[in-house]
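Enquirer: could you work out the structure for the sequence below:
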Amino acid sequence: MHAIFASESSANGSRGNMPFGNKGKLIKSDICGDTYSLNGKRLFDPRLNKGALARASLYILVCYKGCANS
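Expert: Predicted structure coming up:
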């Protein structure tokens with residue numbers, strides 16, 4: 001599976017392994033995006049290319065059923 005996009009070198013460091021989302025309390029904001037806290041979980045909301053990210057995620061989920069954790 002590949003859904004690879006060019007990005008700034010610091011973008012991966014900002015997100016880490018956090019799932020995407022934009023609910024909860026804003027705890028950090030930087031050039032790459034915002035980090036929220038919701039029920040003890042951290043969520044990342046990217047600043048740019050949200051539509052491309054959503055389309056790539058949907059494509060993977062539709063074409064490769066069962067590839068994602070619940």
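
Enquirer: so what pairs up with the residue nearest to the spatial centre of the chain in the strands?
Expert: Central residue of the chain (Cα atoms, centre = their mean): Phe20, 3.5 Å from the mean position. Going by DSSP bridges, Phe20 is paired in beta bridges with Phe44.

Enquirer: so it makes contact with Lys41?
Expert: No - with contacts defined as Cβ atoms under 8 Å, Phe20 does not count as touching Lys41, sitting 11.7 Å away. Bear in mind the C-beta positions are built from the backbone N, C-alpha and C, glycine included.

Enquirer: can you name the next helix or strand after the helix or strand of the chain with the lowest mean pLDDT?
Expert: Every helix and strand of the chain was ranked by mean pLDDT, DSSP states H and E. The lowest is helix 11-15, at a mean of 75. Remark: after helix 11-15, the chain's next helix or strand is strand 25-29, criterion DSSP states H and E.

Enquirer: now the angle from whatever helix or strand comes next after that next one to strand 25-29?
Expert: Proceeding N to C from strand 25-29, the next assigned helix or strand is strand 33-38, under DSSP H and E. Calculated by axes from the mean of the first three to the mean of the last three Cα atoms, to 10 degrees, strand 33-38 forms an angle of 150 degrees with strand 25-29.

Enquirer: list the buried residues in strand 33-38.
Expert: Neighbour-count burial for strand 33-38 flags 33-36 (criterion: 16 or more other Cβ atoms under 10 Å).

Enquirer: now what about the least confident helix or strand of the chain, what contacts it?
Expert: With contact meaning Cβ atoms under 8 Å, 6 or more residues apart in numbering, helix 11-15 is reached by 30, 32-33, 35, 44, 46.

Enquirer: just stretch 39-50 next, same as before
Expert: Contacts with stretch 39-50, where a contact means Cβ under 8 Å, 6+ apart, come from 5, 11, 14-16, 18-24, 27, 31-37, 53.
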